[in-house]
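# Dropping the sequence and predicted coords here.
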Amino acid sequence: MSTDSINCIRHYEWVNARTLELVLPTNRLRLYFMEEGLVRCRYVSGAVFENIPSYGVSPEYQESPVPLQERELPDCYELSTRRLFLRIRKEDAGLEFGELASGRVVCADAEGMGHRLVERTGDECVWVLKHLPEKAHFFGLGDKPCDLNMRGRRFEMWGADHYKFNPDSDPLYKSIPFFLCLNEGSQYGIFFDNTMRSYFDFGKERYDRLLFGADGGVADYYFIMGESALNTIEIYTRLTGLPPMPPLWALGYHQSKWSYYTEQEVNELAAEFRRRRIPCDAIHLDIHHMKQYQALTWNREAFPDPPGMIRRLGCEGFKVVTIIDPGILINPDNYVWRSGFERNVFCRRHDGALLEGNVWPGNCNFPDFTSPATRYWWADLFRRQIGEYGVRGVWTDMNEPVIMPDRTFPDDTRHAFDGYSCSHLKAHNIYGQCMARATRMGMEQYAPHRRPFVLSRSGFAGLQRWAATWTGDNYSDWVNLKMANHMVQRLSTSGVSFCGADTGGFLGKPTPELFCRWMQMAAFHLFFRNHNNGEFGGQEPWCFGSVVEEAVRKAIEERYRLLPYFYTLFHRYATHGTPAIRSLAVTDFGNPDTYWRSSEFFLGDVLYVVPVHHPGEGRRRLYIPKGRWYSLWTDAPCGPSGSEEWVETPVSRIPVMVRGGFVLPRWPVQQYADEMELPPCSLEIWWAPCESHRSELYEDAGDGVGYRLGDYLLHVFDYEAGENGFALRCTRRGKRDNPRREYSLMIHALPAGAQPVVRTDGRRAEGAFLSPGLYVVTVPANFSRVEIDF
């Protein structure tokens, strides 16, 4: 690089082989090339780049070698990897990112980075202004309840308990400052790593400007350009942390209510599920199981024998999940408060006084979860619940954090911030995530042989490392059903696939049809929980008449048939960061027709789910995505890609399509996930001539940590088809011996008149038609190749 009369870059130097520092008239800029499609851009107005820890970026993230090319052009300097280029304008040091292959600039600074001192607080507002192309569209930002496409809107990040929210409510519970930009074949993502109250404007204030900024902190963002929109999300998820595998049961059905008040009521609930043959794995206990709502206590009058109850429920396949809030009642007789006070783990105000606030138990103190000492103290508290009683999951609530009626901690509340003390203005958005982290630590400490299940209402970027989540206190109406669909898709785009909504709505009483349609949709979300406010009546599957009960039972049963597919999707998510739920726009990002479609979603590569959003909707229009698709229920073929067709939507089911050429693993229906020690497994394929696809099946013990040491089995299926047959090749990874002897290979949608000839590893195998077009053959568990001609 050189300097000249138009150059505002006063000085530059390579800090190391992949980090360039620029000295500008009013600030400094560091550019970190972390991998082929990932560049960190970090501005500071002072002279020093402090090494303040990031709560969003995972400490386990590993950078990869990046060969860089450097050249000087008349008006800019250009640095390029094998995927992208970054141009630094000489005139104003503005940044321009582009695709190396096409030479197209996809993200360019307008006014660029700005900062301004706030006299009242002494903080410095920071922002970045970029040009906004006319055809650019935006997705992500966590749990925003509006339509998926955020073009023309403005949003705020400040975790808030928003009771009975609506499509325009903002902010909400989670603060995940990552967004994806799609623009007719080009795409990129930006993660703004700033925990202060932040803002994102996608052309609302000015139609030609993209703005993101915060009330303080540093302008620190990551520009991400993967090979596709899906790969961009994968890179972001790897950056902020891959999730651990959950216990298999956590992917089953969860039943919850505010509240089940007594042990007897819980026992009767469990018995009713088993009597009615409705599968269920988990029962959640809300705040009324506690003594006066005090954390980690039990109301012994209502629940006289917690460990006995949990043990007996476990014998019937039920796992108990208990709620916990951060507010600790000021009560010297309570060990939790007393030990916290003695260890000085509670938040304090600027003058040193303990922070006090009113929540469910009464006047409370609140742990500072940004302190490592507090997190260890909190983890130690779970000895009885987890280690002795056998509670299998913990649900962290009110952790935005909330002080009643509708407030949060005062701005002057002090936090340790892992050694970089700050006010609540900086710690607010990561408080709930730090609580989830500490809770997970406690579960790992006292049940090291089991995988934790933690559920958190609030979170920041990287929440997926510690917990599953749900969308908060929604309402029982059709608008909220549609919002739940959008919010789950949006959270998955934002790296948090293990999510769901309060199915049926938390507030209000759903109509039978609404409850049925919501359960049918939620059966295809990774986290599947029915939770409601009992003041509006019961919301268990049998509360809406026999017709709805039967339809809901079928939806839950299909969920349990598909458990091996859900588990495989989670493994892909846990190892590659691939979102399990995918919107049409993310999957087909080069097609602008998909940018405003938000009803349908993909579950992995194989299933395409079409929820019903309106009452009395007996049929609806269906958009056919790329690929060869069939009805999961009837094997009827869909029309050509890009077309629309009418499909029936009887109350018994919603439309679900399956893609030809992929393996879909299925089990028999179980009443809980591990009812059978080794469920028979079928490998189901829908005929797709002249196509090639890869799919997977992941198997392990379903719990425990052995999978981290290689105790798993990953089957990789390669499907190659001609016009009159196909071959399925299987390779395997992992140290686990296959306990199965065989699989049922089921071939759907065969052409009329087909007479399959099957060879397994060169040997003839005999099968049979179960119905027209559906052929089944038994194959050895360790087969390498199956060839089918007809």
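That came through fine.

# Doesn't Trp127 lie inside a strand?
Yes: applying DSSP: H, G, I helix; E, B strand; the rest coil, one finds Trp127 inside a strand.

# Surely it is in contact with Leu211?
Yes: shown here, Trp127 and Leu211 form a contact pair, counting by C-beta atoms under 8 Å, at 6.0 Å. C-beta here means a position set from N, CA and C on the backbone, and glycine is covered the same way.

# and for those two, which residues touch both?
Both Trp127 and Leu211 are contacted by Tyr199, under the criterion C-beta atoms under 8 Å, 6 or more residues apart in numbering.

# how near is Pro680 to Tyr743?
8 Å (C-beta to C-beta, to the nearest Å).

# between the two, which one's more packed in?
Tyr743 (24 against 12; other C-beta atoms under 10 Å).

# How about that one, nearest residue that isn't a chain neighbour?
The spatially closest residue to Tyr743, leaving aside those adjacent along the chain, is Leu683, at 5.1 Å (C-beta to C-beta, 6 or more residues apart in numbering).

# What about Lys548, how many residues nearby?
Careful, residue 548 is Val; it's not Lys. For Val548, using other C-beta under 10 Å, the count is 22.

# Against which helices or strands is the strand or helix carrying it packed?
Under the criterion DSSP states H and E, the helix or strand holding Val548 is helix 546-561. On a contact count with 3 or more C-beta pairs under 8 Å, 6 or more residues apart in numbering; DSSP states H and E, helix 546-561 meets strand 253-257, helix 512-522.

# quick one: buried residues of the longest strand along the chain?
Looking across the chain with DSSP state E, the single longest strand is strand 105-117. Under the neighbour-count criterion of 16 or more other C-beta atoms under 10 Å, strand 105-117 has Val106, Cys107, Ala108, Asp109, Ala110, Gly112, Met113, Gly114, His115 buried.

# what's the spacing between it and its chain's center?
In terms of C-alpha atoms, centre = their mean, to the nearest Å, the centre of strand 105-117 is set 30 Å apart from its chain centre.

# then it to PDB, C-alphas only?
Extracted in PDB, the C-alpha atoms of strand 105-117 (Å, rounded to 0.1, in the frame of the first residue of the first chain):
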ATOM      1  CA  VAL A 105     -19.900  -5.700  -4.900                       C
ATOM      2  CA  VAL A 106     -22.600  -7.000  -2.500                       C
ATOM      3  CA  CYS A 107     -22.100  -4.800   0.600                       C
ATOM      4  CA  ALA A 108     -20.600  -1.300   0.500                       C
ATOM      5  CA  ASP A 109     -20.200   1.500   3.100                       C
ATOM      6  CA  ALA A 110     -22.000   4.700   2.500                       C
ATOM      7  CA  GLU A 111     -21.000   7.100   5.300                       C
ATOM      8  CA  GLY A 112     -19.400   4.100   7.000                       C
ATOM      9  CA  MET A 113     -18.600   4.000  10.700                       C
ATOM     10  CA  GLY A 114     -19.700   6.800  13.000                       C
ATOM     11  CA  HIS A 115     -19.500   7.600  16.700                       C
ATOM     12  CA  ARG A 116     -20.800  10.300  19.100                       C
ATOM     13  CA  LEU A 117     -20.300  10.900  22.800                       C
END
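
# where does Tyr43 land in three-state SS?
On the three-state scheme (three-state DSSP), Tyr43 is labelled strand.

# cool, Phe273 as well?
helix.

# what's the angle between the helix holding Val548 and helix 512-522?
Angle, helix 546-561 to helix 512-522, by axes from the mean of the first three to the mean of the last three C-alpha atoms, to 10 degrees: 0 degrees.

# Helix 546-561 vs strand 253-257, what angle?
Using the same axes, to 10 degrees: helix 546-561 against strand 253-257 is 130 degrees.

# Quick check: next helix or strand after helix 546-561?
helix 563-576.

# element containing Thr322, please.
strand 319-324.

# can you list contacts of that strand?
For strand 319-324, contacts defined as C-beta under 8 Å, 6+ apart pick out 249, 254, 256, 281-287, 289, 295-296, 309-310, 313, 385, 390-397, 439, 453, 455.

# make it 7 Å
249, 281-287, 289, 295-296, 310, 313, 385, 391-397, 453 (C-beta atoms under 7 Å, 6 or more residues apart in numbering).
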